[in-house]
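Asker: Okay, predicted coordinates and the sequence, questions at the end:
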Amino acid sequence: MCRKQILIVVVTLASAVAVAFAGPPFRTDDPIPVPYTHGELYLFSTGVVDGTGTSGVGPAVEFNYGVFPNTQFHIVFPLAFDSPKGGASYAGYGDTEIGVKYRFVEQSEFIPDIGMFPLVELPTGNSARGLGNGKAQVYVPLWFQKDIGNWTVYGGDGYWFNPGPGNRNWDFSGVLIQYNFSDMFFFGAEIFHQTASTVDASGYTGIHIGGSIPVAKDYEILFSGDAGNGITSYKHFAYYLGLYHTF
């Protein structure tokens, strides 16, 4: 996996967003927006360490707000870092992410929640220093979710429009299952696949394990990671660690 693809992995992970039990700390997302007039804040870091070096974002801030019923506004302000082996290390502001999540089917006994969450990655980071993509990217996914007792299953598929020299448009799909001990305490695992995002890269299938631990009223710690446990042979360590607040 080349450095530009790693950066896209990191940004995509940062973009996952949720209400209650979905989205961060995983890459797979859910269709449920923040409730109307309510909000969420995340202070987080996410990154990848592999044979080429270390890259990621953090600290970064994610803000979500229910602007209308079943409709959520989303924005991420990241500081990015890139430290390639044998090269100069850089840190600075990364690519800004904005989006709107809209749920158009609400869950019933036999029907899942269904929603869309289009995202735009604005090229605000310095791509020459490995801190951004250099071109605006657009992601158009469709997400599903079903709750069965204390279990939640969600997932879906989306397409990234990824312009720029050497880049490819690419697809991301994933499914996650988690057990909810309470409203703010869960543990889960996801499996996902992404196709190649550059002309000299290959697709990647991976698994993340993570969860949430409550630390105070309306606050929880979110975490996930893997230690090279991708189904393909890409050797790496990836992580997400964040503090979540709902209001």
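Answerer: That came in fine, so what should we check first?

Asker: so how far is residue 163 from residue 130?
Answerer: 18 Å (CB to CB, to the nearest Å). For every residue, glycine as well, the C-beta is placed using N, CA and C.

Asker: okay, and the helix or strand of this protein with the least pLDDT?
Answerer: helix 3-15 (a mean of 39; mean pLDDT, DSSP states H and E).

Asker: State the next helix or strand along the chain beyond it.
Answerer: Sequence-wise, the next helix or strand beyond helix 3-15 is strand 39-50, with elements assigned using DSSP states H and E.

Asker: Return the distance of that following strand from the chain's centre.
Answerer: Here strand 39-50 is found 9 Å from its chain centre; the criterion is CA atoms, centre = their mean, to the nearest Å.

Asker: helices or strands up against that strand?
Answerer: On a contact count with 3 or more CB pairs under 8 Å, 6 or more residues apart in numbering; DSSP states H and E, strand 39-50 meets helix 3-15, strand 53-68, strand 236-246.

Asker: Now do the last one against strand 53-68, angle only.
Answerer: For strand 236-246 and strand 53-68, the angle between their directions (axes from the mean of the first three to the mean of the last three CA atoms, to 10 degrees) works out to 30 degrees.

Asker: Show me the shaky parts of this structure.
Answerer: 1-22, 227-234 (pLDDT under 70).

Asker: do that again at 50, thanks
Answerer: Scanning the chain for pLDDT under 50 picks out 1-22.

Asker: between residue 130 and residue 163, who's got more neighbours?
Answerer: Neighbours per residue (other CB atoms under 10 Å) separate residue 130 from residue 163, with residue 130 holding more: 25 against 14.

Asker: For the closest residue to that one other than its chain neighbours, give the beta-bridge partners.
Answerer: Closest residue to residue 130 apart from its sequence neighbours, by CB to CB, 6 or more residues apart in numbering: residue 82 at 3.3 Å. On the basis of DSSP bridges, residue 82 is bridged to residue 55, residue 90.

Asker: since we're on residue 82, how many residues are nearby?
Answerer: 26.

Asker: Over to residue 44?
Answerer: Neighbours of residue 44 using other CB under 10 Å come to 23.

Asker: Let me see the contact set for the residue nearest to it when sequence neighbours are not counted.
Answerer: The shortest distance from residue 44 to any non-neighbouring residue, by CB to CB, 6+ apart, is to residue 242 (3.0 Å). In this structure, residue 242 makes contact with 24, 25, 42, 43, 44, 45, 46, 221, 222, 223, judged by CB atoms under 8 Å, 6 or more residues apart in numbering.

Asker: Surely the fourth one touches residue 61?
Answerer: In this case it means residue 43. Yes. Contact between residue 43 and residue 61 holds when scored by CB atoms under 8 Å: they sit 6.0 Å apart.
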